[in-house]
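> heads up, no residue letters with this:
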């Protein structure tokens, strides 16, 4: 990089949890380009998460790539910000076309990391690594300085200027992107009862959205929770960082809420099933422990993880019991 203080746009056009993990790369670039303007481009609907908090980025840019008007809007943003370099994490075909188009019009450098390619320019391309480390490897390859490869353990994602006092609240993250990543609702209710019996003063919160699937989950929880141990909450996306920051502990599935909890500065325990933690839990295990059953044959029949959306046995999740979890987490309540 010839310019010591380039204006950089880092892009992660992915889901909510991925966008939070991308903050690690923003922090790394801020550490080596302290005088640069650094912007973070995320999928449009996820940008709301960042409305009331700060990050190491100078601004969050909501991205949409659906129409001609989106192209016009983004052209104006790029031109106004005078971007020198766009670096994209976790490349997709659509975004590559999008930024290649603007690269030729506005003349900025465009680099990207395609995690699916086995060979390429990026450091350790094709190796299975913690996801944040792969993002950092891509940024280091194209924008790094001083020959110092960053470690994901030094750049845990974090939200800035969080507010509010912590209260005795445990958050249960019961949702997930697919059924096989979900610990059963029966187990969550049983765990909630164990927590309430041991710590009656603790509030046990279950954040849900207004989606049809989350409403179905709410209905089932209301039937199962005969002791009324749980409180179903609907918190606006922009309010979630402070809501988590004001809580004590997150226990739940490997989903976007887990990454928000970590970036909000609270301890987390994650329940893993079909996918191994080595990629999708790019955090210190000492700070953020997890539950995972090693050595299951079904998980290794096709790849290093199971990609099934549904499963009759759910052995990878069901072997972890509410009693197992409670014994581990009670010291942190």
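The structure has been received and is ready for your questions. It should be emphasised that the depicted structure is a prediction, and the values quoted were computed from it without experimental measurement.
> For the rest of this, base every contact and every neighbour count on C-alpha atoms.
Fine.
> Give me the buried stretch members for the stretch of helix or strand residue 197 belongs to, please.
Assigned by DSSP states H and E, residue 197 belongs to helix 185-198. The neighbour-count check on helix 185-198 (16 or more other CA atoms under 10 Å) flags 185, 187, 188, 189, 190, 191, 192, 193, 194, 195, 196 as buried.
> So what sits opposite the residue lying closest to residue 235 once chain neighbours are set aside in the bridge?
Of all residues beyond its chain neighbours, the one nearest residue 235 is residue 207 (6.8 Å), with distances taken as CA to CA, 6 or more residues apart in numbering. Counting by DSSP bridges, residue 207 forms beta bridges with residue 233.
> now the helix holding residue 197: how far from the chain's centre is it?
On the basis of CA atoms, centre = their mean, to the nearest Å, helix 185-198 is displaced by 26 Å from the centre of the chain it belongs to.
> do stretch 210-219 as well
For stretch 210-219, the distance to the chain centre is 22 Å (CA atoms, centre = their mean).
> And for stretch 99-119?
With CA atoms, centre = their mean, you get 23 Å for stretch 99-119.
> do stretch 272-285 as well
12 Å.
> again with stretch 269-280
13 Å.
> now do stretch 164-175
17 Å.
> where do the helices sit along the stretch 201-333 of the chain?
Assigned by DSSP state H, counting those that start in this stretch, the helices in the stretch 201-333 of the chain fall at 212-224, 240-245, 256-263, 277-280, 315-318, 322-329.
> Residue 230 contacts residue 205, correct?
Yes - with contact defined as CA atoms under 8 Å, residue 230 counts as touching residue 205 (6.0 Å).
> returning to what we had before: who's in contact with the residue nearest to residue 235?
Residues near residue 207 by CA atoms under 8 Å, 6 or more residues apart in numbering: 171, 172, 173, 232, 233, 234, 235.
> so who does residue 27 touch?
56, 57, 155, 157.
> Would you quantify the distance from it to residue 83?
To residue 83, residue 27 is 18 Å away according to CA to CA, to the nearest Å.
> What of residue 184?
Taking CA to CA, one finds residue 184 at 47 Å from residue 83.
> do residue 315 as well
49 Å.
> Look at the two and report which has more neighbours.
Using other CA atoms under 10 Å, the more surrounded residue of residue 315 and residue 83 is residue 83, with 20 against 15.
> what helix or strand is the residue most central in space within the chain on?
The centroid of the chain falls nearest to residue 17 when counting by CA atoms, centre = their mean (2.2 Å). Using DSSP H and E, residue 17 sits within helix 16-21.
> One more: residue 31?
Going by DSSP H and E, residue 31 is in helix 23-32.
> is it true that residue 245 touches residue 163?
Yes - judged on CA under 8 Å, residue 245 makes contact with residue 163 at a distance of 7.4 Å.
> Those two: who's more crowded?
With neighbours defined as other CA under 10 Å, residue 245 and residue 163 compare such that residue 245 has more, 23 against 12.
> pLDDT wise, what is that one at?
On pLDDT, residue 245 comes in at 98.
> now swap in residue 1 and tell me
On the pLDDT scale, residue 1 gets 58.
> hmm, back to that, for the residue nearest to the centre of the chain, which non-adjacent residue is closest in space?
Using CA to CA, 6+ apart, the nearest residue to residue 17 is residue 256, at 3.9 Å.
> and the gap between that neighbour and residue 205?
16 Å.
> what's the answer for residue 164, then?
17 Å.
> out of the two, which sits in the busier spot?
residue 205 (20 against 10).
> List the residues that contact that one.
So residue 205 contacts 169, 170, 171, 172, 230, 231, 232, 233 (CA under 8 Å, 6+ apart).
> ok, the last one - how many residues close by?
As a burial measure, the neighbour count of residue 233 was computed by other CA under 10 Å and equals 12.
> One more: the first one?
A count of nearby residues for residue 169, using other CA under 10 Å, gives 19.
> For it, give me its contacts.
Listed by CA under 8 Å, 6+ apart, the contact set of residue 169 reads 202, 203, 204, 205, 247, 248, 249.
> With distance to residue 239 added, can I get those in TSV?
Output for the contacts of residue 169, formatted as TSV (distance: CA to CA, whole Å):
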residue	distance to residue 239
202	21
203	18
204	18
205	15
247	13
248	16
249	17
